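Asker: No sequence on hand, only this structure:
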C-alpha cells in the first residue's frame, strides 16, 4: 500500500541559510568599533553626522555640503542568472548589473544624497569567467545604463580573479557609491520626522536583490525548477531576475519640487521591519498595502509562509519608503508616478510605542523585531 508524501512545511529564511540572529551581533560590534574612529575626521577639519551612524549611508560634514558614502554587495542573485543561462542560453547580466548598482544607490539616497560616483567590484572565481564575451559585455552595458539612469559617473573598479575564495565559474559583485547632500537642508536622517507624517511606499519590481537565498532554496520544491511558470509565459527564474528599481530619479525629482523627505527606508533585508529603522519611539500605522508582485505571491505560497513571515523577509511590493509631511503625500505619489514608479500613501506616523501595525493584514512588528538599525 503506497502512502502519500506529506506536504512540505514552511520554508523560512533561516532554513535557506541566512540567520540574522547570528549576523546582526557582528554588525553591532562593527558599528561600535567604527564609531570610535570618527575622531580621525577632525584632523582633516571635518566631522561626521552622528545621526547617520547605523543608517543606510554614512555622512560627513565637509563645510559647505555633506558627503555621503555606501558600499553594498549584490548577494546571491547572480547564481539565478547563471542557472537560467544554462537553461535558456540567455544572458541576464545587464539586469544583474542594475541590481548591483541599485543596492548601493538606493541606500545612498535615504540620507537625501544625490549620487555622484559609482565604483565597481567584480570578483570572479577565475580569469575564465571574463572569457564569456556575451556575459561580460552584458555586465558592462547594464552597468553603464544604470549609471545613466541615476546620473552618476562610473569612476572605475576592481576585477580580481579569486580562485579558491570565489567558487569557480561564479562572480561576486559589489558597488560603492559616493554622493553629495547639497544644500545641507536636504539631509534626511530622521530629525524632522514627527507624528502626523505620511508614509508613502514606492512599488518594487519584484524580489529585487534580497531574499534570493530563500527563493533559490524554494526551487527544490518546484516541479520544473526555475522554469516553473508563475504566470502564463513567465518562468520563476525570469520573474526573479526582474531588475531592481532605481529610486534616485524619484528622490531627485522630489528635491527639485521642494518636497522635503523627513526620513527614508530602503526596504531590503528584514522586509517591512525596515520601516522601524528610525531610532525614535513612534508608531507606524499602515492602512493601505500595495499590490504584491506575482513572484512574491508565488514564493509565499510555495514556501508556505504566513503574512507575518513573508512581510518580515521580503519587500512584498514596497521597495522604498518615504516619510513626508501629510500635506506633501499626494504630491509625492504624483511625482513618483511621473518618474514611472508606482506609489501609494500607505499610512501615517503616530505618537506611541515603537511598533509597525499593518492593519489590513493584522500584523504587528515591535522594536524587538529589529534590534539593528
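Answerer: Arrived safely, thanks for sending. As the structure is a computational prediction, the values presented were derived from the model and not from experiment.
Asker: Partner strands of the helix or strand residue 180 falls within and their direction?
Answerer: According to DSSP states H and E, residue 180 maps onto strand 171-181. Its sheet considered, strand 171-181 pairs with strand 66-73 (antiparallel), strand 114-124 (antiparallel) by DSSP bridges.
Asker: Between the two ends of stretch 262-271, how far is it?
Answerer: Length of stretch 262-271, first residue to last, CA to CA, to the nearest Å: 21 Å.
Asker: Return the residues in contact with residue 333.
Answerer: 200, 343, 344, 345 (CB atoms under 8 Å, 6 or more residues apart in numbering). Any C-beta I mention is one placed from the backbone N, CA and C, and that applies to glycine too.
Asker: On the three-state scheme, the third one is what?
Answerer: By that I understand residue 344. strand (DSSP: H, G, I helix; E, B strand; the rest coil).
Asker: okay, it: pLDDT?
Answerer: Here, the pLDDT recorded for residue 344 equals 98.
Asker: Quick check: it vs residue 84, distance?
Answerer: Look at residue 344 and residue 84: by CB to CB, to the nearest Å, they are 31 Å apart.
Asker: The last one now?
Answerer: Relative to residue 84, residue 345 is positioned 37 Å away (CB to CB).
Asker: Need the nearest residue in space to residue 340, chain neighbours excluded.
Answerer: residue 249 (8.0 Å; CB to CB, 6 or more residues apart in numbering).
Asker: From the centroid of this structure, which residue is nearest?
Answerer: The centre of the chain sits closest to residue 268, judged by CA atoms, centre = their mean, with a distance of 3.6 Å.
Asker: Skipping adjacent residues, who's closest to it in space?
Answerer: residue 210 is the one closest to residue 268 (CB to CB, 6+ apart), at 4.4 Å.
Asker: Ok, residue 169 next?
Answerer: residue 125 (5.9 Å).
Asker: For burial, what's the neighbour tally of that neighbour?
Answerer: By other CB atoms under 10 Å, 18 other residues sit near residue 125.
Asker: Wait, it touches residue 79, no?
Answerer: No - if you go by CB atoms under 8 Å, residue 125 and residue 79 don't touch, sitting 12.0 Å apart.
Asker: Name the residues contacting each of those two.
Answerer: Listed as contacting both residue 125 and residue 79 by CB under 8 Å, 6+ apart are residue 170.
Asker: need the strands for the stretch 251-373 of the chain, in chain order.
Answerer: Ranges of strands within the stretch 251-373 of the chain are 263-266, 282-286, 318-324, 343-351, 355-358, 363-366, based on DSSP state E, counting those that start in this stretch.
Asker: could the ones you listed go into CSV alongside distance to residue 32 and mean neighbour count?
Answerer: Output for these, formatted as CSV (distance: least, CB to CB, whole Å; neighbours: other CB atoms under 10 Å):
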stretch, distance to residue 32, mean neighbour count
strand 263-266, 22, 26
strand 282-286, 24, 21
strand 318-324, 27, 26
strand 343-351, 28, 20
strand 355-358, 26, 21
strand 363-366, 24, 16
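Asker: between the ones you listed, which gets nearest to residue 231?
Answerer: strand 318-324 (19.7 Å; CB to CB).
Asker: Flag every buried residue along stretch 296-304.
Answerer: 296, 297, 298, 299, 300, 302, 303 (16 or more other CB atoms under 10 Å).
Asker: Cheers, nothing more for now.
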